[in-house]
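A.B. asks: any chance you can model this:
(chains A and B)
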Amino acid sequence: MASGSATEYVTHHLEHLKVGEGFWTLHIDTLIVSWVLGLIFLGLFWSVARRASVDAPSGIQTVIEACVEFIDNQVSESFHGPKDFVAPLALTIFVWVFFWNLMDLLPVDLFPQIMLLFGVEYVRILPSADMNGTFGLSLTVLALIIIYSIKGKGWGGFGKELFTHPFGGHPLLWPANLMLNIVELIAKPVSLGMRLFGNLYAAEIIFILIALLPIWAQWIPGVAWAIFHILVIPLQAFIFMVLTVVYLSLAYEEH
Amino acid sequence: MGINATLIGQMITFTVFILFTMKFVWPPIKQAMSEREKRIADGLASAERSQHELELAKERAAEHIREAKAQAAEIIEKANRQGASIVDEARDEARAVAEREKAAAEARIEQEVSQARAELRRNVSELAILGASRILEREVDAKAHQQMLDELANQV
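C.D. replies: Numbering: from 1, shown residues only, chains lettered A, B, ... in the order given. Here you go, the predicted structure:
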């Protein structure tokens, strides 16, 4: 394959299906895939939750209960406030991001080829390889961090912490404190979003590159990378979930 | 690539999904789980309680058996004692009866002996008189020798 067409192949695979211009562009593929995955997640869990049996849990119920129990333990370990919101949040993040990442295991050309039959030229089905997807989550988490800071410490407590932590309460130190705190606050969602995006974007690129190999040579690196990815997929979902809970816990509790 | 309005869409979607999970997914599953947990705990507790009760009942049963055995032993002992005393009483009574009868027999013998003796005494004087009158070939005056005859009878 010539290098020109290889470049074309890669860039073609990194092009979103989109509408709109400038900031008001919408990545239709990211949105629809994440909606569909989210609805699968909610539909599955809801259908189980609605007829959750105490005496005779069905097979699928035990799987979902194991998942819920796992999340509940994780949340209980790091978050000591009321869990009515944080635990469902953690479950949503974990399962949803897990489903997102799973899309990485589908062959890179499968969906683009299918969509091509319907006349759609570009499509990317991996929402976590779109910064809008990952930052959509992490900025929501930032908003929750601020909400939980105010909820846990009160307006005064949160404000006081912004100005007096970590260097001390002297008025001359207020600007330094505030700046550091803002950086710290911004760093959290950025690191969360970038970590997930970076991991999955890199993985997608590798899969695309593997797809450039001759067909008989693809399966060795393809299988190896996919197996490695079986580890990465739940791990990244888990990290995102745990860090979110830890951030909320830090925000909620007094230092 | 690059940040655009998709971000806002994702944030809204995310928020809606969280709220849905919080309202319809998490509570029922969690409730079912905790209820099952409680049922299992209750079941185990009641099993333990039954076990405990069973042990108590066993102990009580053993106690009853021990008591019954002790009572039975006591009853047997009492019966033995009573039997022995009945035998003793019967023996004593028999002995008393035998002694009484022996005494009566002895008294009767004594009486008969003294009766015989008295009769003998009576006869002795007559025989003596008869013998003497034969020897003397004449009438002995019984009245004249009465004193001597009485003495003789007394010697018998």
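A.B. asks: the residue in chain B positioned nearest to chain A is in what secondary structure piece?
C.D. replies: Taking C-beta to the nearest C-beta as the measure, the point where chain B comes nearest chain A is residue B:10, at 2.5 Å. No exception for glycine: its C-beta is placed from N, CA and C like everyone else's. Using DSSP states H and E, residue B:10 sits in helix B:6-20.
A.B. asks: try residue B:68
C.D. replies: Secondary structure assignment for residue B:68, by DSSP H and E: helix B:26-136.
A.B. asks: ok, then the element right after that helix?
C.D. replies: Read in the C-terminal direction, the helix or strand following helix B:26-136 is helix B:146-155, with elements assigned using DSSP H and E.
A.B. asks: what about the residue of chain B closest to chain A, how many residues nearby?
C.D. replies: Around residue B:10 sit 25 other residues, with neighbours defined as other C-beta atoms under 10 Å in any protein chain shown.
A.B. asks: any idea how far it is from residue B:65?
C.D. replies: In this structure, residue B:10 lies at 78 Å from residue B:65, with C-beta to C-beta, to the nearest Å as the measure.
A.B. asks: and if you look at residue A:89?
C.D. replies: Computed as C-beta to C-beta, the residue A:89 to residue B:65 distance reads 65 Å.
A.B. asks: check contacts around residue A:91.
C.D. replies: When the contact criterion is C-beta atoms under 8 Å, 6 or more residues apart in numbering or on different chains, the partners of residue A:91 are A:45, A:67, A:68, A:71, B:21, B:25, B:26.
A.B. asks: ok, now with 10 Å
C.D. replies: With contact taken as C-beta atoms under 10 Å, 6 or more residues apart in numbering or on different chains, residue A:91 is in contact with A:41, A:45, A:64, A:67-68, A:70-72, A:74-75, A:241, B:18, B:21-22, B:25-26, B:29.
A.B. asks: hmm, the strand or helix carrying residue A:249 in reach of chain B?
C.D. replies: Secondary structure assigned from DSSP H and E places residue A:249 in helix A:219-252. No - for a cut-off given as C-beta under 10 Å from any C-beta of the partner chain, helix A:219-252 has no contacts with chain B; the smallest distance is 10.9 Å.
A.B. asks: list the buried residues for that helix?
C.D. replies: A:222, A:225-226, A:229, A:232-233, A:236-238, A:240-245, A:247-252 (16 or more other C-beta atoms under 10 Å in any protein chain shown).
A.B. asks: so which elements touch that helix?
C.D. replies: Secondary-structure packing of helix A:219-252 (3 or more C-beta pairs under 10 Å, 6 or more residues apart in numbering or on different chains; DSSP states H and E): helix A:59-78, helix A:86-102, helix A:131-164, helix A:174-211.
A.B. asks: export these as TSV, with columns for mean pLDDT.
C.D. replies: What follows is the helices and strands packed on helix A:219-252, written out as TSV (pLDDT from 0 to 100):
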stretch	mean pLDDT
helix A:59-78	92
helix A:86-102	94
helix A:131-164	91
helix A:174-211	92
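A.B. asks: so which of the ones you listed is nearest residue B:105?
C.D. replies: Using C-beta to C-beta as the criterion, the shortest distance between residue B:105 and the helices and strands packed on helix A:219-252 is 107.1 Å, found for helix A:59-78.
A.B. asks: show me how far the closest one is from its chain's centre.
C.D. replies: Helix A:59-78 has its average C-alpha position 19 Å from the chain's average C-alpha position, going by C-alpha atoms, centre = their mean, to the nearest Å.
A.B. asks: now it and helix A:86-102, what's the angle there?
C.D. replies: Interaxial angle of helix A:59-78 relative to helix A:86-102 (axes from the mean of the first three to the mean of the last three C-alpha atoms, to 10 degrees): 120 degrees.
A.B. asks: what sits up against helix A:59-78?
C.D. replies: Contacts to helix A:59-78, defined as C-beta under 10 Å, 6+ apart, come from residues A:44-45, A:47-49, A:51-53, A:57-58, A:83, A:86-95, A:98, A:238, A:241-250, B:25-26, B:29-30, B:32-33, B:36.
A.B. asks: in chain B, which helix or strand is least confident?
C.D. replies: When the helices and strands of chain B are compared on mean pLDDT, DSSP states H and E, helix B:146-155 comes out lowest with a mean of 77.
A.B. asks: helices or strands up against it?
C.D. replies: Right, helix B:146-155 is packed against helix B:26-136 by 3+ C-beta pairs under 10 Å, 6+ apart.
A.B. asks: quick check, the helix it packs on touching chain A?
C.D. replies: Yes - Helix B:26-136 lies in contact with chain A when judged by C-beta under 10 Å from any C-beta; the contacting residues are B:26-39.
A.B. asks: that helix vs helix A:86-102, what angle?
C.D. replies: In this structure, helix B:26-136 runs at an angle of 120 degrees to helix A:86-102, with the same axes, to 10 degrees as the basis.
A.B. asks: between helix B:26-136 and helix B:146-155, how many degrees?
C.D. replies: Computed by the same axes, to 10 degrees, the angle between helix B:26-136 and helix B:146-155 is 140 degrees.
A.B. asks: ok now helix B:26-136, how far from the chain's centre?
C.D. replies: Taking the mean C-alpha point of helix B:26-136 and that of its whole chain, the gap between them comes to 7 Å (C-alpha atoms, centre = their mean).
A.B. asks: same deal with stretch A:91-102?
C.D. replies: Offset of stretch A:91-102 from its chain centre (C-alpha atoms, centre = their mean): 7 Å.
A.B. asks: in it, what's buried?
C.D. replies: Residues A:91, A:92, A:93, A:94, A:95, A:96, A:97, A:98, A:99, A:100, A:101, A:102 are the ones in stretch A:91-102 that count as buried (16+ other C-beta under 10 Å).
A.B. asks: stretch A:22-41 now?
C.D. replies: By neighbour count, and taking 16+ other C-beta under 10 Å as the criterion, the buried residues in stretch A:22-41 are A:25-31, A:33-35, A:37-38, A:41.
A.B. asks: only alpha carbons, please: show that stretch as PDB.
C.D. replies: Listed next in PDB are the C-alpha coordinates belonging to stretch A:22-41 (Å, rounded to 0.1, in the frame of the first residue of the first chain):
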ATOM      1  CA  GLY A  22     -17.200  25.900  14.000                       C
ATOM      2  CA  PHE A  23     -18.000  25.400  17.700                       C
ATOM      3  CA  TRP A  24     -21.600  24.400  16.800                       C
ATOM      4  CA  THR A  25     -20.400  21.300  15.100                       C
ATOM      5  CA  LEU A  26     -22.000  18.100  16.300                       C
ATOM      6  CA  HIS A  27     -20.300  14.800  16.000                       C
ATOM      7  CA  ILE A  28     -23.400  12.700  15.100                       C
ATOM      8  CA  ASP A  29     -21.500   9.400  15.300                       C
ATOM      9  CA  THR A  30     -20.200  10.100  18.800                       C
ATOM     10  CA  LEU A  31     -23.600  11.200  20.000                       C
ATOM     11  CA  ILE A  32     -25.600   8.500  18.500                       C
ATOM     12  CA  VAL A  33     -23.200   5.700  19.500                       C
ATOM     13  CA  SER A  34     -23.000   6.900  23.000                       C
ATOM     14  CA  TRP A  35     -26.700   7.300  23.200                       C
ATOM     15  CA  VAL A  36     -27.300   3.800  21.900                       C
ATOM     16  CA  LEU A  37     -24.800   2.300  24.300                       C
ATOM     17  CA  GLY A  38     -26.200   4.300  27.100                       C
ATOM     18  CA  LEU A  39     -29.700   3.100  26.300                       C
ATOM     19  CA  ILE A  40     -28.500  -0.400  26.100                       C
ATOM     20  CA  PHE A  41     -26.900   0.000  29.500                       C
END
